[in-house]
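K.L.:
Generate a structure from the sequence data that follows.
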Amino acid sequence: MTFRVIDLFSGAGGLTAGFLFNQKQKRFAGMLAIDNDQASVQTYNKNFGDHGICTDIEDWLANHSVPNADVVIGGPPCQGFSLLNKNRKGDKRRALWEPFMEIVQKSGASVFVMENVQGLLKSEEFQDILHKASEMNFLVHYQLLNTADYGVPQTRKRAIVVGIKNGDKCKSLPYFPPTPTHNDPKKGFLLPPWEITDSVIGDLEEPVGTELRNTPPPYDLHFGRKPTELSKKRYRMIPPGGNRFDLQKRAPEITPKCWLNKPTGSTDLFGRLWNDRPSVTIRTEFYKPEKGRYLHPTQNRPITHREAARLMSFPDEFIFMGSKIEIAKQIGNAVPPKFAAHIADYVYEILEIMLSKEKVA
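P.N.:
Model prediction:
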């Protein structure tokens, strides 16, 4: 049986990709996606069909009937929960879980999946989400998961919340979370070690040009930037796994004064990735080394859009639409598809169990 999926706050469709790509059979079918970013919706529709809508979710709810669905997935905007948002208390984006849950209810979905930054689980709003889900007779499982444990070459930690309609009445539900496929090699070798950066970007030649390229993948997104000579000198000072503190030690004369005046802080700023480890979390401005550990492991440059997409586990054939900045935002905001596929397998198992019990009844 094919189960119907609604994707809310869908972005480019990383979560949908996990549900729809590389299916053993046609397990899931996308029927509606909503996001308020035009370029993201264009990307979604290019890859999944023309059922993505660019609109405000509350405006859409006020003017449309919600279609029936089996699963509702999505990640309400995370900035309101993010530790990077210093003004997060009172942020209106924190309340967007409410239309998400309204669509879950009106669609008649049996399962919902909510993805967010780890701050969600410690927020007051999360208690409201749990209360609302309980009122709707959903059994809720939740946990902070590391995408590297599921084969993604990136140590990205995300809160995953799965709601199961009348799940408390089903004694044979699969264990949550899904069983990891990889683990930190420091913890032993019962599972294969985490995928490393070199395994997904090591085959790429040096980038050419500074603009989106009209070439077949992967080189369509494999372009560079135009760093100043000063920036190039700074890049050369960073050893493998190093960061801005190495720059301060080796070449204080070319170190920004604001860093010299701040001898402590994040060890990822102006950092260089390791070839033999997963990437750190890919964010929306991965092309700016001053924003994080985004220098190439061996070359003196930031990682490219294609390298970032691969570190997020997007297949090369996934087509991104929009400008360079818009595409970078889509990549950094996405759920890694390989990780999402494990969530999809878990959801499918739940739905199959629920369907078999209905047949028995």
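K.L.:
Tell me where the chain has helices.
P.N.:
14-20, 38-48, 57-63, 97-107, 124-135, 197-201, 229-236, 244-250, 257-260, 305-311, 324-333, 337-360 (DSSP state H).
K.L.:
now this structure, which segments are flagged as low pLDDT?
P.N.:
24, 78-94, 358-361 (pLDDT under 70).
K.L.:
could the helices of the chain be laid out in CSV, adding mean neighbour count and distance to residue 73?
P.N.:
To be clear about C-beta, it is placed using only N, CA and C from the backbone, and glycine gets the same treatment. Below are the helices of the chain laid out as CSV (neighbours: other C-beta atoms under 10 Å; distance: least, C-beta to C-beta, whole Å):
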stretch, mean neighbour count, distance to residue 73
helix 14-20, 26, 5
helix 38-48, 21, 13
helix 57-63, 14, 14
helix 97-107, 21, 10
helix 124-135, 15, 15
helix 197-201, 19, 25
helix 229-236, 14, 39
helix 244-250, 18, 38
helix 257-260, 11, 41
helix 305-311, 25, 21
helix 324-333, 20, 15
helix 337-360, 19, 8
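K.L.:
Would you mind saying which of the ones you listed lies nearest residue 147?
P.N.:
Each of those has some distance to residue 147 by C-beta to C-beta; the shortest is helix 337-360, at 4.3 Å.
K.L.:
Now do the residue lying closest to residue 97 once chain neighbours are set aside: how many residues are near it, please.
P.N.:
Using C-beta to C-beta, 6 or more residues apart in numbering and skipping residues adjacent in sequence, the residue nearest residue 97 is residue 76, 4.9 Å away. Residue 76 has 24 neighbours, counted by other C-beta atoms under 10 Å.
K.L.:
For residue 76, what are phi and psi?
P.N.:
phi -50, psi 140 (degrees, to the nearest 10).
K.L.:
And it, how close does it get to residue 116?
P.N.:
Distance of residue 76 to residue 116, computed by C-beta to C-beta, to the nearest Å: 7 Å.
K.L.:
Likewise for residue 2?
P.N.:
In terms of C-beta to C-beta, residue 2 sits 27 Å off from residue 116.
K.L.:
for residue 110, same thing?
P.N.:
Counting by C-beta to C-beta, the gap from residue 110 to residue 116 is 21 Å.
K.L.:
Residue 39 too?
P.N.:
Distance from residue 39 to residue 116, by C-beta to C-beta: 22 Å.
K.L.:
what's the answer for residue 345, then?
P.N.:
20 Å.
K.L.:
same thing with residue 232?
P.N.:
Counting by C-beta to C-beta, the gap from residue 232 to residue 116 is 38 Å.
K.L.:
what do you get for residue 169?
P.N.:
Distance from residue 169 to residue 116, by C-beta to C-beta: 27 Å.
K.L.:
Neighbour count: these two, which is higher?
P.N.:
residue 116 (26 against 11).
K.L.:
Quick check: phi and psi on the nearest residue to residue 209 once chain neighbours are set aside?
P.N.:
With C-beta to C-beta, 6+ apart as the criterion, residue 209 has its nearest non-adjacent residue at 5.0 Å, and that residue is residue 223. According to degrees, to the nearest 10, the main-chain angles of residue 223 amount to phi -130, psi 160.
K.L.:
Next one: residue 223 from residue 113, what distance?
P.N.:
Distance from residue 223 to residue 113, by C-beta to C-beta: 34 Å.
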